[in-house]
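Q: what shape does this take:
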Amino acid sequence: MLQELKPGVYVETAYEGGNVGAILCQRGALLVDTPMLPPDSRRWQVALHQLGVSTIYGIVNTDYHPEHFLGNVFFMPTRIFGHELAAKQIARYRGSSLEQFSSIYREANPQLADEISRIEVRGPEVSVADRTTLNLGDRHVEILYLHGHTPASLGVYLPEERVLFAGDNMVHDEHPIMSQANSAAWLETLERIRQMNVEVIVPGSGSVCDPGSLGPLVEYITEVRRRVTDLYLAGASRRECVEKAGMLDFFPFSEEQAARMKRRRRENVERVYAEIRTAQTRR
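A: Take a look at the predicted model:
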């Protein structure tokens, strides 16, 4: 569903893979991520045209996972912003990783899988290290490094409008993806967001929310760290931590999502176990 958050600031939450945004400026539209699937990218093109967008100033990819960048090619030519660590990860999808990703759809939709496998992957051309400020005529935009979900995660902040596109550092009312996370840094980032002058948060997936919605995610990450730490210090192996840490009941999910959420929970616990083990062995 397309929502106007503030005048000229839009989010579309209907596409598979996560939310995408558009910030309309005198210099053109700044896009926050692009749709993962080609049919959704084409729909987003139509929606932008209906909003009066004729020029794309740039795209910000909030991390290097395919749901954020696969649609970039549909909006060329323009500049692409990404964290300085993202380019190498995205480049991997110019080879076997893209074919592997497309195979997810091969059985249910061979035509879609073929189209995905032929995507021309376009990665970031402008690197962001810590903060990049864009003055786009009538709009002031800050691209911020937000370490946590990945080592290369970014947020897009509009200080005057008090809107933050948080990427996957914020997911609303669902289990986060922590397979490449630094959970301690993630908690610091969520506290940083809480202290920002923000009224509206656009999560990487889930419905648009306000800073009050940060609490459950903070509780989830804090609790999985606590449980895994206790199990590790009691001598539990990684497998035992996965079996005993629980966490599945923390956020609701449908029967259709059950297998995916169970896999996600396992990956989350395994990642935190690796973090805790590394931290303990360094002491």
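Q: would you say residue 68 is within a strand?
A: No. Under the criterion used here (DSSP: H, G, I helix; E, B strand; the rest coil), residue 68 is helix, not part of a strand.
Q: quick check: closest non-adjacent residue to it.
A: residue 33 (4.4 Å; C-beta to C-beta, 6 or more residues apart in numbering). Quick note: C-beta positions are derived from backbone N, CA and C, even for glycine.
Q: top strand in the chain by residue count?
A: strand 163-171 (DSSP state E).
Q: elements contacting that strand?
A: strand 154-158, helix 183-195, strand 200-205, helix 214-233 (3 or more C-beta pairs under 8 Å, 6 or more residues apart in numbering; DSSP states H and E).
Q: what's the burial count for residue 184?
A: Neighbour count for residue 184, taken as other C-beta atoms under 10 Å: 16.
Q: which among the helices and strands packed on strand 163-171 is found nearest to residue 119?
A: Nearest to residue 119 among these is strand 200-205 (20.5 Å), distances taken as C-beta to C-beta.
Q: pull the CA atoms of that closest one into CSV?
A: The C-alpha coordinates for strand 200-205 follow below in CSV (Å, rounded to 0.1, in the frame of the first residue of the first chain):
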residue,chain,number,x,y,z
VAL,A,200,7.9,8.4,11.9
ILE,A,201,10.0,5.2,11.4
VAL,A,202,9.8,3.3,8.1
PRO,A,203,11.0,-0.3,8.9
GLY,A,204,12.7,-2.5,6.4
SER,A,205,9.6,-4.7,6.6
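Q: ranges for the strands of the chain?
A: Counting by DSSP E, the strands of the chain are 2-6, 9-12, 20-25, 28-32, 56-60, 79-83, 126-128, 131-135, 140-145, 154-158, 163-171, 200-205.
Q: of the ones you listed, flag the one that's most buried.
A: Mean neighbour count (mean count of other C-beta atoms under 10 Å) peaks for strand 163-171 among the strands of the chain, with a mean of 27.
Q: what mean pLDDT does that one have?
A: Taken as a whole, strand 163-171 has an average pLDDT of 97.
Q: circling back: switch the strands of the chain over to CSV; also include distance to residue 243.
A: Formatted as CSV, those follow (distance: least, C-beta to C-beta, whole Å):
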stretch, distance to residue 243
strand 2-6, 41
strand 9-12, 39
strand 20-25, 37
strand 28-32, 38
strand 56-60, 40
strand 79-83, 35
strand 126-128, 40
strand 131-135, 42
strand 140-145, 36
strand 154-158, 35
strand 163-171, 25
strand 200-205, 27
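Q: mind checking which of these is nearest residue 274?
A: strand 163-171 (19.2 Å).
Q: list the strands paired with that closest one, with their directions.
A: Partners of strand 163-171 in the sheet, by DSSP bridges, are strand 154-158 (antiparallel), strand 200-205 (parallel).
Q: next, the angle strand 20-25 makes with it.
A: 170 degrees (axes from the mean of the first three to the mean of the last three C-alpha atoms, to 10 degrees).
Q: got a list of what residue 34 touches?
A: Contacts for residue 34 (C-beta atoms under 8 Å, 6 or more residues apart in numbering) come out as 20, 41, 44, 59, 61, 68, 69, 70, 71, 72, 74, 75.
Q: most widely separated two among those residues?
A: 44 and 61 (14.5 Å).
Q: name the residue in those two with the higher neighbour count.
A: Set residue 44 next to residue 61 and count neighbours by other C-beta under 10 Å: residue 61 wins out with 29 against 22.
Q: the more buried one and residue 70, how far apart?
A: Per C-beta to C-beta, to the nearest Å, residue 61 is found 10 Å from residue 70.
Q: double-check residue 265 against residue 248; I have them as touching.
A: Yes. Between residue 265 and residue 248 there is a contact at 5.4 Å, judged by C-beta atoms under 8 Å.
Q: the more surrounded of the two?
A: residue 265 (20 against 14).
Q: which ones are touching the more buried one?
A: Contacts of residue 265 by C-beta under 8 Å, 6+ apart are 175, 247, 248.
Q: any idea how far it is from residue 67?
A: 19 Å.
Q: ditto for residue 24
A: Distance from residue 24 to residue 67, by C-beta to C-beta: 23 Å.
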